[in-house]
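Q: what would the 3D arrangement of this be:
(chains A and B)
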2 protein chains.
Amino acid sequence: MSQPWNEYLDQNKDRFLNEMLDLLRIPSISAKTEHKADMERCAEAVKKSLLEAGCDKAEVMATDGHPAVYGEKIIDPAKPTVLVYGHYDVQPPEPLELWTNPPFEPTIVDGKVFARGSADDKGQFYMHVKALEILSKTNTMTTNIKFLIEGEEEVGSPNLGKFVSANKDLLKADVILISDSSMLSMENPSLDTGVRGLSYIQVEVTGANRDLHSGTYGGAVANPITILAQMIASCHDENNHITIPGFYDDVVVAGPEERELINKAPYDEKEYMDELGVKELWGEKGYSTYERTGIRPTIEVNGIWGGYTGEGAKTVLPSKAYAKISARLVPNQSSDKITEILLNYFKSIAPKSVEVKAELHHGGEPYMTPIDSKGYKAAAKAVETTFGKAPIPVRGGGSIPICSILEKELGIKIIFMGFGLDNDNLHSPNEKYNIENYYKGIETIPYFHKYFSEA
Amino acid sequence: MSQPWNEYLDQNKDRFLNEMLDLLRIPSISAKTEHKADMERCAEAVKKSLLEAGCDKAEVMATDGHPAVYGEKIIDPAKPTVLVYGHYDVQPPEPLELWTNPPFEPTIVDGKVFARGSADDKGQFYMHVKALEILSKTNTMTTNIKFLIEGEEEVGSPNLGKFVSANKDLLKADVILISDSSMLSMENPSLDTGVRGLSYIQVEVTGANRDLHSGTYGGAVANPITILAQMIASCHDENNHITIPGFYDDVVVAGPEERELINKAPYDEKEYMDELGVKELWGEKGYSTYERTGIRPTIEVNGIWGGYTGEGAKTVLPSKAYAKISARLVPNQSSDKITEILLNYFKSIAPKSVEVKAELHHGGEPYMTPIDSKGYKAAAKAVETTFGKAPIPVRGGGSIPICSILEKELGIKIIFMGFGLDNDNLHSPNEKYNIENYYKGIETIPYFHKYFSEA
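A: Numbering: from 1, shown residues only, chains lettered A, B, ... in the order given. Have a look, this model is predicted:
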């Protein structure tokens, strides 16, 4: 039976795009306290959009941090309920000088919307708002739809667990649907079957009690940058295998079938390298690129600083050096346990000539979803309907810390139906979201609801 | 024969101090282009002070960089001539938040002048200006005195070699006298017999062509911070011996007698550590602290930066990481050769997964002065006269890049007669110069001229 959805989408295309651009204009950076008012303004804008799209009710709800937005349209309590999760907060845009256009002034070039948050996640969760409008305005809803759009995903959702626990009845549903990830390509659609977990720490190394002249003291007093570099270097061996004792202990080793499936995904190494501008890839020996980003845990240094970093030369032996370091985790690693291991590691390997402080920034558990569930099958069928090709199941490399908490608190499975691309520059300058992908998502989502209700 | 110097000094003490404070108020930071006008203002102030102190002529002379100040008082061309070298430029004051008082608002606490440049080198070269005033106004000059006060010492004196070469006649003298170093203590006066050389480079490591999401790409693409850390870690072995091939090739190994002499200098390890706030010292195995800072070459990381260094957490796999790295050199290492070795090392050890750019900031040759020269003996006798104790000859750890060039161009030896202390916080926040040391220097310098002319 033909649906009226595409006709409605065609008639409202420009408005659907412009509304998304308006949302991108709000600098909702959750990591920076100076943007608190922008966060509240953004939450209100999301609430308004939910009501206009057809929600019976929507509200901005307080948490112990930035507010969350809840909305719902209940057509019949006996029908299945889909809970859409997304986030309206974005990553800090720095380094600003590398943006071609200002990060909060969305600019369209070659069919792509360039702006911080375009793919991660405003442009993606907004597809669900517009899909609701289509279903609602064409009277074709077959499921109840609830929305939980939070404001702290980019800082590790520190307060959402408590919020969900306190609002279990409100959030009751049969499946959780998330568009906050990417697919292989428009030609090779895919569905993520999991996300990696995260342990994010900060390390501070202190040598002398003040900056010193590197001539007077150099060679006789520990340089905290040198020590920190040695500590970071010690995390990997010559095969880029992580050397920290206990780090791999709980890793579920992927079997030959799963590895075969992963390596069946279309992948052109030269194209991958050319797109990144590198002459050689780097990674754990014995694993392919998709295995390295999907089924293997990793450690990355996200930032480092210490000493004189200004113009010219300063011959200083600094007092302090710092690094932000994070691990991506796979089943069945525990974020708490790995955080403990990391914090202990950096403290224990420090020579007595320095003091080391190591502290948790935030963490999140890895999460896997089975591919034989009602929800996964509905998503696969929806993608096949609009893309004309069955999606490839792949493991996502990123992290959505709230996943394991949502499943634990609500007792239901999560389906990842992302429409972004790996080259969307997530967390980087010139983040973008292809307009084609935005519309394709809006086209696909109603089919998910239809197939899920029919299963 | 009793001299009228102390009486003149006593009568003018407060003015001598206040004039020095005025000079410290000018933020003459040579490394920063935004301070160009301050540099010119400072040069003019130095010129004015030379004329007021008794110079027959003084002028601000252009170089290819910041100007140099020349001044002279010639009493008789047949008498010996002393050329005083100093510098009016200062190190950048950052990190500003660690200063108790603003760096360019000199503040006196417990008999110490706190300000950038107080010890390095405005407070020290100004002792010579005031010593000239005393000698001149009391009609007791026995030498001709010339001044060369430059404005680029803290950036490696890149243009002074050419300037000196072009002004050989003007700068003609019998000895060069420099107060830009420290002594062991007021109880144990010392004279430096040399300075270390310097090779200062900057290393830039580039991985992917843009910042990446550490989840999507982490584990599959080289992280430039990790690679840079590995490169820095590779510079020292477990005994803190430098591992870079060729680095030690030209080092003149100090003999047992020289090492014995160095280790006779008063040194209390506990006091040294307590003053720095460290629980353990760090350095090359097999050498004492004074050997490590005096007769051994070293490599220090002066600054490092890359990725996200702001508030909170950002899960980025950065495109670039940077470090400022410098080596201190001893006789007979060559700054050019070591610079070449360092640049090649960082380029050659880089894996193919990154690009490395390494560039010279500046360098300078190590320099040694014999202790049996007329100049050294005059300095030792002057110190013994006013301190009541013969000075200990020690090797200084810092660098004055122009030394070897001055000797080469002018064909004369340099005498280091520094009145600072190691804890003056040179190049660090809260740089200070003890007022007692300032006056003691002004008291001692006239004796140098007297003994040098008598020798």
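Q: counting neighbours, what do you get for the closest residue to residue A:284 other than its chain neighbours?
A: Leaving aside its chain neighbours, residue A:284 sits nearest to residue A:240 (4.9 Å; criterion: Cβ to Cβ, 6 or more residues apart in numbering or on different chains). For every residue, glycine as well, the C-beta is placed using N, CA and C. For residue A:240, the neighbour count with other Cβ atoms under 10 Å in any protein chain shown is 21.
Q: residue contacts, residue A:240?
A: A:282, A:283, A:284, A:285 (Cβ atoms under 8 Å, 6 or more residues apart in numbering or on different chains).
Q: neighbours of the third one, how many?
A: Here the number of neighbours of residue A:284 (other Cβ under 10 Å) works out to 18.
Q: can you tell me the helix or strand for it?
A: Under DSSP states H and E, no helix or strand contains residue A:284.
Q: now do residue A:50
A: Going by DSSP H and E, residue A:50 is in helix A:36-53.
Q: ok, now how distant is residue A:364 from chain B?
A: 11 Å (Cβ to the nearest Cβ, to the nearest Å).
Q: isn't that residue up against residue A:400?
A: Yes: using Cβ atoms under 8 Å, residue A:364 is in contact with residue A:400, at 7.1 Å.
Q: quick one: residues contacting residue A:153.
A: A:30, A:87, A:89, A:121, A:180, A:400, A:401, A:402.
Q: which of those has the most neighbours?
A: Result: residue A:87 is most packed of these (other Cβ under 10 Å), 30 neighbours.
Q: chain A - how does it break down into domains?
A: A:5-195+A:366-454, A:197-251+A:297-364 (automatic domain parsing).
Q: send the alpha carbons of stretch A:109-125 over as PDB?
A: Only the C-alpha atoms of stretch A:109-125 are listed here, as PDB (Å, rounded to 0.1, in the frame of the first residue of the first chain):
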ATOM      1  CA  VAL A 109      28.000  24.200   0.300                       C
ATOM      2  CA  ASP A 110      27.500  21.400  -2.300                       C
ATOM      3  CA  GLY A 111      24.400  20.000  -0.600                       C
ATOM      4  CA  LYS A 112      26.100  19.800   2.800                       C
ATOM      5  CA  VAL A 113      25.100  21.700   6.000                       C
ATOM      6  CA  PHE A 114      28.300  22.900   7.700                       C
ATOM      7  CA  ALA A 115      27.800  23.600  11.400                       C
ATOM      8  CA  ARG A 116      28.700  22.300  14.800                       C
ATOM      9  CA  GLY A 117      26.000  19.700  15.700                       C
ATOM     10  CA  SER A 118      24.700  19.200  12.200                       C
ATOM     11  CA  ALA A 119      25.400  15.500  12.200                       C
ATOM     12  CA  ASP A 120      26.100  15.100  16.000                       C
ATOM     13  CA  ASP A 121      23.300  15.100  16.900                       C
ATOM     14  CA  LYS A 122      20.900  18.000  16.200                       C
ATOM     15  CA  GLY A 123      20.400  17.200  12.500                       C
ATOM     16  CA  GLN A 124      19.900  13.500  13.300                       C
ATOM     17  CA  PHE A 125      17.400  13.700  16.200                       C
END
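Q: which of the residues in it are buried?
A: A:112-125 (16 or more other Cβ atoms under 10 Å in any protein chain shown).
Q: how about stretch A:8-19?
A: Those would be A:8, A:9, A:12, A:16, A:17, A:19, for stretch A:8-19 by 16+ other Cβ under 10 Å.
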